[in-house]
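Engineer: No sequence on hand, only this structure:
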């Protein structure tokens, strides 16, 4: 089997990988966006690990973050040079229900819902916001834009610009809220 849906005689449960794949599948057909971070560390050492995509219709900005540390990580986000702002959002969080600070926690036959994805509305609006990435969590921020940057006011971004070498011309500049 895949190890994502675990079955036995009369029982089954979903591995955390199932929920992570469900969240990442929401970005199918989207355009990758470049992230500019103020953190001086090499990208592969920066926490949380971030990626962002814009839906093919230009109406949904999705920001993925994985915090593999045991501490909460606040970040300030700024949609710099972005032709639209955030109207409404949904937060999807994959984490340990009990909040233990162990990366060894898993779902099991006896506790099939220990790690699940929980969704809720968020009050994120505008072009700047601060967000706290909880310890040992995966987050998807689905942010509906006020207007599609592809067609905004007739001078938006052409789809060919968004897909240029996999790196869009729109730069989302994300800066750490840490001052160290």
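Structural biologist: Nice, I can see it. None of the values given here were measured: they were computed from a predicted structure.
Engineer: Disregarding flanking residues, what is the spatial nearest neighbour of residue 49?
Structural biologist: Closest residue to residue 49 apart from its sequence neighbours, by Cβ to Cβ, 6 or more residues apart in numbering: residue 66 at 4.5 Å. The C-beta positions use only the backbone N, C-alpha and C, and glycine is treated the same way.
Engineer: that's a helix at that neighbour, yeah?
Structural biologist: No - using DSSP: H, G, I helix; E, B strand; the rest coil, the assignment for residue 66 is strand, not a helix.
Engineer: Identify the residues contacting it.
Structural biologist: Contact partners of residue 66, counting by Cβ atoms under 8 Å, 6 or more residues apart in numbering, are 48-49, 137-139.
Engineer: Who does it form a beta bridge with?
Structural biologist: Applying DSSP bridges to residue 66 yields these beta-bridge partners: residue 49, residue 138.
Engineer: Longest helix in this protein, please.
Structural biologist: In the chain, with assignment by DSSP state H, the single longest helix is helix 16-25.
Engineer: The helix or strand just after it packs against which elements?
Structural biologist: Downstream of helix 16-25, the next assigned helix or strand under DSSP states H and E is strand 31-37. Applying 3 or more Cβ pairs under 8 Å, 6 or more residues apart in numbering; DSSP states H and E, we find strand 31-37 packed against strand 49-54, strand 171-176.
Engineer: Now do the longest helix of the chain: which elements does it pack against?
Structural biologist: strand 86-96, strand 115-122, strand 137-145.
Engineer: looking at those strands, which is closest to residue 14?
Structural biologist: In terms of Cβ to Cβ, the element of the helices and strands packed on helix 16-25 nearest to residue 14 is strand 115-122, at 8.1 Å.
Engineer: Can you list the strands that the closest one pairs with?
Structural biologist: Using DSSP bridges, strand 115-122 pairs in its sheet with strand 86-96 (antiparallel).
Engineer: Residues contacting the strand it pairs with, please?
Structural biologist: By Cβ under 8 Å, 6+ apart, the residues outside strand 86-96 that reach it are 16, 19-20, 23, 61, 79, 102, 105, 114-127, 129, 134, 136-146.
Engineer: Those, buried ones only, as a ChimeraX selection?
Structural biologist: Selection of buried members from those for ChimeraX, criterion 16 or more other Cβ atoms under 10 Å:
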select :16,19,20,23,61,79,105,114,115,116,117,122,124,129,134,136,137,138,139,140,141,142,143,145
